[in-house]
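Asker: Show me the folded form of this:
(2 chains)
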Amino acid sequence: MAKSFHLEIIASDRLFYKGECEHLVITALDGMLGILPGHEALVTALPTGELKYMVDGKWKYAAISEGFMEVMPEYTIILTDTCELPEEIDIVRAEEAKQRAEEKMRSKQSIMEYYHTQAALNKAMNRLKVSQKHFK
Amino acid sequence: MPNIREIRERIDSIQQILKITNAMYLISSSKLKKARKAHENTRPYFEKLQVTLDHILEHTPHMRQLYFERRSDIPEDKRKKGFIVITADKGLCGSYNHNVLKLAEEELFKAFDNNCYLFVLGEVGRLYFKRRNNDIDHSTIDGEFLYTTQNPTLYRAREIAELVLEKFEKKELDDVYLIFTDMEGNEFVPKTVRLLPFERKHFGVDKDGTLKKLPKASFLPSPEVVMNYLIPNYAKGLIYGAMVEAFCCEQQARMTAMDAATNSAKDMIREMSLMYNRARQAAITQEITEVAAGANALRESE
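Answerer: Predicted coordinates:
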């Protein structure tokens, strides 16, 4: 049994994962970030992206949206808006959301609206990417 | 003795109202089920959010950050205070709205009713403050702040958080509070929570009064950048949690109120039908007496 640490991934609408984990790789603001047991104390913000974590020697994948992460040597907590397994992603819905966002990007809008649309587009594309990569 | 027809009409009208209250009871109980589920699903997030943030702040090196800015040079009566008040979209839910509004009113009073900006969620609160501010014009309500409290979504919470944070950044607001109804067991407690500026509650003081030497966590890429991401996120999470909590309370309150209304309508109908039967019986008795008396009189005259 490899060394492990306690991992909690909490989405705003459910408890996504709670348990032991051996290795975690996650998209941080400036690139991928790997966490192993005994990592130094670290706090970072998370953009929309993908994450993978190893349980019993098997990688598990998920798509997450914005949030933040607290890493302590013996545990890690991830708080995010949404988190989904590749097989949970509704491809049709994500595709529709992507098209809607692209359509909206083309029209004139305020800076605030632009950011919202951009975030929506990111989320949709991230979902599609994760589900295509890990779920066929 | 009231007229039979009057009683009949009264019973009919009560029955009409009973139908409405009963329907509202059923609707709110099914909505409550949904709201409860959402509430339970959000609870771990909501609770962990606060715990984690407190924990993170303990490990944060001291720094100047916009959202921590106290602006203590501004005197108490000159501070611009923002209140996000969460009420229901309609009435008929017992004291739910009343309690929140009362608390909001108290807070406004404490703030000298001066330089206050109200962001009201829910139609009832909006109308209440509009009417109130016609008489005394001190605090401002944001007329474009039109959000419903039905089925809270993260998207709506984000928009609200962005609006408030932007106003704080521009120094249009110096303090921001959140007023909503919290559920504690089966009790509804209206609450005020301070949203901005951020307070560092624990400075990690040890038992002997010295500052605890907490290990400083590292921040990627830098504490400032992380905080700039983290605090809007936290504010959004907090608002969302409050919205979910308040919506759940609202449905619960409406269900209880409508149940009580249905019961008292039933009681009234029972009483009224007793009266109705009595009146009917009295009328019949009187008629018989009259007939009998008439017959007697006829017989005697023969």
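Asker: what about the helix or strand hosting B:Ile14, average pLDDT?
Answerer: Assessed by DSSP states H and E, B:Ile14 sits inside helix B:4-58. In this model, helix B:4-58 has a mean pLDDT of 89.
Asker: Point to the residue nearest the middle of chain A.
Answerer: Using CA atoms, centre = their mean, the residue of chain A that lies closest to the mean C-alpha position is A:Ile64, 2.1 Å off.
Asker: if I look at B:Gln281, how far off is chain A?
Answerer: According to CB to the nearest CB, to the nearest Å, B:Gln281 and chain A sit 62 Å apart. Any C-beta I mention is one placed from the backbone N, CA and C, and that applies to glycine too.
Asker: and that residue, how many neighbours?
Answerer: Neighbours of B:Gln281 under the rule other CB atoms under 10 Å in any protein chain shown: 10.
Asker: The strand or helix carrying it vs helix B:4-58, what angle?
Answerer: Under DSSP H and E, the secondary-structure element containing B:Gln281 is helix B:223-301. Using axes from the mean of the first three to the mean of the last three CA atoms, to 10 degrees, one finds that helix B:223-301 and helix B:4-58 are set 170 degrees apart in direction.
Asker: and helix B:223-301, how far from the chain's centre?
Answerer: 21 Å (CA atoms, centre = their mean, to the nearest Å).
Asker: What of stretch B:10-19?
Answerer: Mean-position distance between stretch B:10-19 and its chain equals 29 Å (CA atoms, centre = their mean).
Asker: Which strands and helices lie in contact with the top helix by length along chain A?
Answerer: Secondary structure of chain A per DSSP state H: the longest helix is helix A:111-134. Contact here means 3 or more CB pairs under 8 Å, 6 or more residues apart in numbering or on different chains; DSSP states H and E; on that basis helix A:111-134 packs against strand A:49-55, strand A:58-64, helix A:91-106.
Asker: what inclination does it have with respect to helix A:91-106?
Answerer: Computed by the same axes, to 10 degrees, the angle separating helix A:111-134 from helix A:91-106 equals 150 degrees.
Asker: What helices and strands are in contact with the helix or strand just after the helix holding B:Ile14?
Answerer: Scanning the chain past helix B:4-58 towards its C-terminal end, the next helix or strand to appear is strand B:81-86 (assignment: DSSP H and E). Applying 3+ CB pairs under 8 Å, 6+ apart, one finds that strand B:81-86 contacts helix B:96-110, strand B:116-121, helix B:123-135, helix B:154-169, strand B:175-184, helix B:223-301.
Asker: Kindly calculate the angle that strand B:81-86 makes with helix B:154-169.
Answerer: Between the axis of strand B:81-86 and that of helix B:154-169 there is an angle of 170 degrees, by the same axes, to 10 degrees.
Asker: List the pairing partners of strand B:81-86 within its sheet, with orientation.
Answerer: strand B:116-121 (parallel), strand B:175-184 (parallel) (DSSP bridges).
Asker: Comparing those strands, which comes out most buried?
Answerer: The highest average neighbour count among the strands paired with strand B:81-86, using mean count of other CB atoms under 10 Å in any protein chain shown, belongs to strand B:116-121 at a mean of 24.
Asker: per-residue confidence averaged over that strand?
Answerer: If you average the per-residue pLDDT over strand B:116-121, you get 85.
Asker: who touches that strand?
Answerer: Contacts to strand B:116-121, defined as CB atoms under 8 Å, 6 or more residues apart in numbering or on different chains, come from residues B:80-87, B:104, B:108, B:126, B:129, B:138-142, B:145, B:147-149, B:160, B:163-164, B:167, B:172-173, B:243.
Asker: Which of these are buried, as a PyMOL select command?
Answerer: Selecting the buried subset of the contacts of strand B:116-121 in PyMOL, with 16 or more other CB atoms under 10 Å in any protein chain shown as the burial test, is done by:
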select buried, chain B and resi 80+81+82+83+84+85+86+87+104+108+126+129+139+141+145+147+149+160+163+164+167+173+243
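Asker: Low-confidence bits of chain A, can you list those?
Answerer: Filtered on pLDDT under 70, chain A yields the residue ranges A:1-2, A:136.
Asker: Per the annotation, how does it divide into domains?
Answerer: Annotated domains of chain A cover A:5-84, A:89-134 [automatic domain parsing].
Asker: Ends of the first one, what's the gap?
Answerer: From the first residue to the last, domain A:5-84 extends over 21 Å; the measure is CA to CA, to the nearest Å.
Asker: from memory B:Lys266 sits against B:Lys19, does it?
Answerer: No - the pair B:Lys266 and B:Lys19 fails to qualify as a contact (CB atoms under 8 Å) at a distance of 11.8 Å.
Asker: Tally up the residues packed near residue 125, please.
Answerer: Since no chain was named, I'll use chain A. For A:Met125, the count of nearby residues is 16 (other CB under 10 Å).
Asker: was after chain B, sorry
Answerer: 24.
Asker: Equivalent analysis for B:Arg43, please.
Answerer: Going by other CB under 10 Å, the residues that sit close to B:Arg43 add up to 14.
Asker: cool, A:Met112 as well?
Answerer: 12.
Asker: That one: what's its closest spatial neighbour, skipping adjacent residues?
Answerer: Nearest-residue entry for A:Met112: B:Glu162, 7.0 Å, with adjacent residues in sequence omitted and distances by CB to CB, 6 or more residues apart in numbering or on different chains.
Asker: and what of B:Lys266?
Answerer: Closest residue to B:Lys266 apart from its sequence neighbours, by CB to CB, 6+ apart: B:Leu18 at 6.9 Å.
Asker: roughly how far apart are the one you found and B:Ala257?
Answerer: 14 Å (CB to CB, to the nearest Å).
Asker: repeat for A:Ala120
Answerer: Computed as CB to CB, the A:Ala120 to B:Ala257 distance reads 39 Å.
Asker: how close does B:Glu187 get to chain A?
Answerer: Using CB to the nearest CB, we find B:Glu187 at a distance of 25 Å from chain A.
Asker: again with B:Ser13
Answerer: Distance of B:Ser13 to chain A, computed by CB to the nearest CB: 44 Å.
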